[in-house]
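Asker: sequence first, then the predicted structure:
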Protein chains: 2
Amino acid sequence: MNEQPSPALAAAMQEVGAAVEAALDRLLPAVEGATEKLDRAMRYASLGGGKRLRALLAVASADLFGVPRERSLRVAAAIEMLHGYSLVHDDLPCMDDDDLRRGKPTVHRAFDEASAVLAGDGLQAQAFLVLADPATHADAGVQAALVAGLALAAGPRGMVGGQAIDLAAVARCEAGLPLGYEEIADLQARKTGALICFSAEAGAILGQAKPAERAVLRDYAAELGLAFQIADDLLDHEGSAAEVGKAVGKDAAAGKATFVGLLGLEPARAKARALTNSAKNRLASQFGPRSMVLQELAEFVITRRS
Amino acid sequence: MNEQPSPALAAAMQEVGAAVEAALDRLLPAVEGATEKLDRAMRYASLGGGKRLRALLAVASADLFGVPRERSLRVAAAIEMLHGYSLVHDDLPCMDDDDLRRGKPTVHRAFDEASAVLAGDGLQAQAFLVLADPATHADAGVQAALVAGLALAAGPRGMVGGQAIDLAAVARCEAGLPLGYEEIADLQARKTGALICFSAEAGAILGQAKPAERAVLRDYAAELGLAFQIADDLLDHEGSAAEVGKAVGKDAAAGKATFVGLLGLEPARAKARALTNSAKNRLASQFGPRSMVLQELAEFVITRRS
């Protein structure tokens, strides 16, 4: 397995990562006056972290259609605000109760619970504010399509619904009724897949691409998203197996159904590989070599070591 | 003081209240499948409650410009979803920690905390989904203006910022540094005023009104919103004073600065009256007698008994 992204992908990840960081810094409210604690919490939650997978999907997809970067980076920043809010709320004591995120204390530990709830709420509103702006696209139809796409991906039939199903799944596991493969694939399609799909689709919306092109990007991202989740389970399994006296990973230990647990180790690896190959072939057929960064990204999500 | 709305206002409140209830029922996700608990929590949070002040502002403003009700009721429903989410999150244990809302257990008591966080998150996304839809207005420019207006009113420089300032104010009071009049007026302008202003303005956006007409509705709603808050403090003060052995209301008892505490009883009454008169005069000058429902609404918010 590769452990590093290809030089071209590594360059794109670094470039887009730095550019979306700068865009977030510009598009988040300044830290000022009576709201300074909230303003700081929103920045803490969204700046300086993560692989920026969603941002790269949005920007690289938009690049396929010649969209100016100043536009695609606004969309990427809005998506990262939305993603950042979801992590803050998922980490809350009443949800997954996590103390650390990206190696730093979670927002409710660094600030307090009320600030974490409000920072997440504020980030969601700010994401929509950034999209519904002429600077994102002069055509209001594009702005509205981006808003509708993000709202659908983020809402009760997308990400929020997925998190609700995930919480219910823990109770089901404890009752001896763990989720099956179709159920866990559905959960992941909503919880993380919907926003990943929208990220790639957003580039096509911005580029006013043909419906067929948009559909290819969406299907590519759906396969990439599922491969990403299976790879996460594999990392969790392999990482933990290396530790003395602990044969299974933290998700399995927490009673959560995992793709590795459901499929077995080798079939899970094979499934992730097949998804990645299919995702890459879709792009190559539709867009040819200029989709190389997105193709390599699909490869990277299953070969990364963290 | 009047205690009841005028017959015309009472009829409008009842009619719009029932119609926005039906619109919410249509526009909220159905209760189904793996997300049924979340779906129920979203409905519990937004159906069957409240004065629907914001819905009436949006619909009556839109009526001034001949906007079809099927459009203005969608906007009213989106605003009520946003308002419902804000109440659910404000009631959380880490925020105001309330057990009752509109005479029913709060969402985190009727369901659980995680469901309350997620129901609020889902309602916010759903509100934007409803606005960015051709059924709300065929012109995408109108959709985008509605999204931007709601996002600004709801976000860190509006409602969420106001709630953050309100939480910080409690700590300041405990430290012997209560807010002054300008500070509490600023807090209320953000926490409740911004969404009330947007509600009236949304009718003008939907009606593609002239900027001057939109500004009049906005200024009217800003005065109505502040009068509403002062009236709340007066009700809190008078209600509690009627109870044996308790001379001040729950906000004052909780150490919160109130308009009554800051201005005194009679000056607070006079201020609310002056704001209401000004709000009514603005409308009468711009729109004449066809703005009667909105004028009577401004009167009602300071003469209501609950």
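Answerer: Received, thanks.

Asker: number of nearby residues for the nearest residue to residue A:34 once chain neighbours are set aside?
Answerer: Nearest non-adjacent residue to residue A:34, counting by Cβ to Cβ, 6 or more residues apart in numbering or on different chains: residue B:165, 4.7 Å away. All C-beta atoms are positioned from the backbone trio N, CA, C, and that covers glycine. Residue B:165: 23 surrounding residues under other Cβ atoms under 10 Å in any protein chain shown.

Asker: contacts only, for residue B:165.
Answerer: Taking Cβ atoms under 8 Å, 6 or more residues apart in numbering or on different chains, we find residue B:165 in contact with A:34-35, B:186-187, B:190-191.

Asker: try 7 Å this time
Answerer: A:34-35, B:187, B:190 (Cβ atoms under 7 Å, 6 or more residues apart in numbering or on different chains).

Asker: where does the stretch 151-300 of chain A dip in pLDDT?
Answerer: Scanning the stretch 151-300 of chain A for pLDDT under 70 picks out A:240-255.

Asker: where's the closest residue to chain B within it relative to residue B:29, distance?
Answerer: Nearest to chain B, among the residues of the stretch 151-300 of chain A, is residue A:155, at 3.4 Å (Cβ to the nearest Cβ). Noted for residue A:155: a distance of 8 Å to residue B:29, by Cβ to Cβ, to the nearest Å.

Asker: who has more neighbours, those two?
Answerer: Between residue A:155 and residue B:29, counted using other Cβ under 10 Å, the more crowded position is residue A:155 (23 against 18).

Asker: backbone torsions only: list them for the more buried one.
Answerer: phi -90, psi -160 (degrees, to the nearest 10).

Asker: now compare the contacts of residue B:165 and name the two farthest from each other.
Answerer: A:35 and B:187 (10.4 Å; Cβ to Cβ).

Asker: which residues does residue A:100 contact?
Answerer: residue A:106.

Asker: model confidence score at it, please.
Answerer: Note for residue A:100: predicted pLDDT of 94.

Asker: what of residue A:3?
Answerer: Reading off the model, residue A:3 has pLDDT 64.

Asker: swap in residue A:135?
Answerer: So residue A:135 comes in at 98 (pLDDT).

Asker: please, which helix or strand holds it?
Answerer: When elements are assigned from DSSP states H and E, residue A:135 belongs to no helix and no strand.

Asker: that one contacts residue A:74, correct?
Answerer: Yes - counting by Cβ atoms under 7 Å, residue A:135 does reach residue A:74; the two are 6.4 Å apart.

Asker: more crowded one of these two?
Answerer: residue A:74 (23 against 11).

Asker: got a list of what the more buried one touches?
Answerer: A:23, A:27, A:130, A:135-136.

Asker: what about it, distance to residue B:139?
Answerer: 22 Å.

Asker: ditto for residue A:15
Answerer: 37 Å.

Asker: phi and psi next, for the residue nearest to residue A:34.
Answerer: Torsion angles, degrees, to the nearest 10, at residue B:165: phi -70, psi -40.

Asker: the residue nearest to residue A:299 when sequence neighbours are not counted sits in which helix or strand?
Answerer: Of all residues not flanking residue A:299 in the chain, residue A:276 sits nearest, at 6.0 Å (Cβ to Cβ, 6+ apart). Element membership for residue A:276, per DSSP H and E: helix A:265-287.

Asker: same for that helix, what does it pack against?
Answerer: helix A:211-241, helix A:259-263, helix A:292-303 (3 or more Cβ pairs under 7 Å, 6 or more residues apart in numbering or on different chains; DSSP states H and E).

Asker: now that helix, how far from the centre of its chain.
Answerer: Offset of helix A:265-287 from its chain centre (Cα atoms, centre = their mean, to the nearest Å): 18 Å.

Asker: got the contact list for it?
Answerer: Looking at what lies outside helix A:265-287 - Cβ under 7 Å, 6+ apart - the contacts are A:64, A:213, A:216, A:219-220, A:223-224, A:226-227, A:230-231, A:233-234, A:237, A:259-260, A:263, A:291, A:294-295, A:298-299, A:302.

Asker: what do you get if the cut-off is 6 Å, keeping everything else the same?
Answerer: Applying Cβ atoms under 6 Å, 6 or more residues apart in numbering or on different chains, the contact partners of helix A:265-287 are A:64, A:216, A:219-220, A:223-224, A:226-227, A:230-231, A:259-260, A:291, A:294-295, A:298, A:302.

Asker: now do stretch A:220-229
Answerer: Contacts for stretch A:220-229 (Cβ under 6 Å, 6+ apart): A:188, A:193, A:196-197, A:200, A:272, A:275-276, A:278-279, A:282-283, A:298, A:301-302.

Asker: hmm, residue A:72 is touching residue A:61, no?
Answerer: No - with contact defined as Cβ atoms under 6 Å, residue A:72 does not count as touching residue A:61 (8.1 Å).

Asker: who's more crowded, the two?
Answerer: Shown here are residue A:72 and residue A:61; by other Cβ under 10 Å, residue A:61 has more neighbours (33 against 27).

Asker: list the contacts for the more buried one?
Answerer: A:200, A:203, A:217.

Asker: now name the helix or strand holding the residue lying closest to the second one once chain neighbours are set aside.
Answerer: Nearest residue to residue A:203, sequence neighbours excluded (Cβ to Cβ, 6+ apart): residue A:61, at 2.5 Å. Using DSSP H and E, the secondary-structure element containing residue A:61 is helix A:53-63.

Asker: so which bits of the stretch 1-150 of chain A are right by chain B?
Answerer: Applying Cβ under 6 Å from any Cβ of the partner chain, we find that the stretch 1-150 of chain A lies next to chain B at A:29, A:34-35, A:38, A:89, A:94-95, A:113-114, A:117-118, A:121-122, A:124-126, A:128-129, A:132, A:140-141, A:143-144, A:147-148.
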